[in-house]
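# Below: sequence and its predicted model.
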Amino acid sequence: MEERKLNIVLLGPPGAGKGTQADILKKAFDLLHVSTGDLLREAVKAESPVGRKASEYMERGELVPDRIVTELVKERLKQPDAKRGVILDGYPRTKAQAEALDAALNELGKAMDLVLYMKTSEDVAVQRLSGRRVCRKCGKNHHVTNMPPSAEGVCDICGGELYQRKDDNPETVKNRLRVYEDSTKDLVGYYRGKGLLREVNGDISAQKLFEDIKSLFKKEGFS
Ligand code: AMP
C-alpha cells in the first residue's frame, strides 16, 4: 500500500457485517478499527460514568446521545495509533455525528477519504444478528451457521466463552433496524453530497465483499 493514510467509514445497518469486514480490512491495510459499539460495551463492562449512562439506551436498541459517543470517538482518534489510518464502524450514525466527526478530524489535521455504504437487505441482517455469538474474552464475532466455531460455545481464536449480545434478541433487533432507517437517511445524503459515498453489497460473503472493496480502493488510488 502506498504512503497515503486511509480514513474510512463503514456505513450500514446492524447486521451488515461491518465488524467482520473491519477485521479483514484492518489486517490487510494496517488500519485502526474503531467501533463505537465496542467502545460503549467496554464502558458498560467497566461501569464507568459513560457506561452507566449508555447502558439503558443500548439495551433498548436506541442511540446513545451524540455528545457521549462523539467524545469517545474524539478521544480514540487522538491516540498515536490512529495516525496510521482508521476504519470507523458504527459511527457516525446521524448527520449531527457526521458533522461533529468532520470538525474533530479537521482539528486533528485529518480528513475522511471514503464512506463505504454496505447496503444490506433486512432478511440477511436479521439472520446474521440472531445467530451472532461473540467471544467474552477477545470480542471476536462468530455465527451459529455462517461462521460456526469448531467447538460449540468456544471461541476459535482464544478459547473464550461465546455469548449472545443482549441487544441481538429479536425484539431489540427490530428496533435497532428501525432506528437505523430513521437516523441514517440524512447521513447517506450528507456523504453522497460530499462525493465520499460508495455503495457496496452487504448481502454477499465477507470475503467476496473484501475483494470488491480492494478493487474499489484500487480504482480510487488507495491500493
Ligand atoms: P453496534 O455494536 O454498532 O450495533 O452498537 C450497539 C449499540 O451501541 C447501538 O444499538 C447503540 O445503542 C449504541 N451505539 C453504537 N454506536 C453508536 C453511535 N454512533 N451513536 C449512538 N449510539 C451508538
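On my side now, so go ahead. Residues are numbered from 1 along each chain as shown.
# secondary structure class for Y191?
helix (DSSP: H, G, I helix; E, B strand; the rest coil).
# how close does it sit to the ligand?
15 Å (Cβ to the nearest ligand atom, to the nearest Å). From N, CA and C alone the C-beta is placed, and that goes for glycine too.
# list the contacts for whatever residue of the chain ends up closest to the ligand?
Of all residues in the chain, G37 sits closest to the ligand, at 2.0 Å by Cβ to the nearest ligand atom. Shown in contact with G37 (Cβ atoms under 8 Å, 6 or more residues apart in numbering): 19, 89-90.
# from the chain's centre, how far out does stretch 124-135 sit?
14 Å (Cα atoms, centre = their mean, to the nearest Å).
# Around the ligand, which positions in this protein sit nearby?
14, 36-37, 40, 57-58, 61-64, 69, 90-91, 93, 97, 167, 176 (Cβ under 6 Å from any ligand atom).
# in a helix, that's where K208 is, yeah?
Yes: the assignment for K208 is a helix, going by three-state DSSP.
# The strand or helix carrying D123: what's the following helix or strand?
Taking DSSP states H and E as the definition, D123 sits inside helix 122-130. Using DSSP H and E, the helix or strand that follows helix 122-130 in sequence is strand 132-135.
# Please work out the average pLDDT along the next helix or strand after that next one.
Next helix or strand after strand 132-135 toward the C-terminus (DSSP H and E): strand 141-143. Averaged over strand 141-143, pLDDT sits at 93.
# ok now strand 141-143, how far from the chain's centre?
Mean-position distance between strand 141-143 and its chain equals 15 Å (Cα atoms, centre = their mean).
# hang on, the earlier thing: what secondary structure does the residue of the chain closest to the ligand sit in?
helix.
# quick revisit: who wins on neighbours among the contacts of G37?
D89 (25 neighbours; other Cβ atoms under 10 Å).
# Quick one, grab the pLDDT at that residue.
With respect to pLDDT, D89 scores 96.
# and it, what is it in contact with?
D89 neighbours (Cβ under 8 Å, 6+ apart): 10, 18-19, 22, 33-37.
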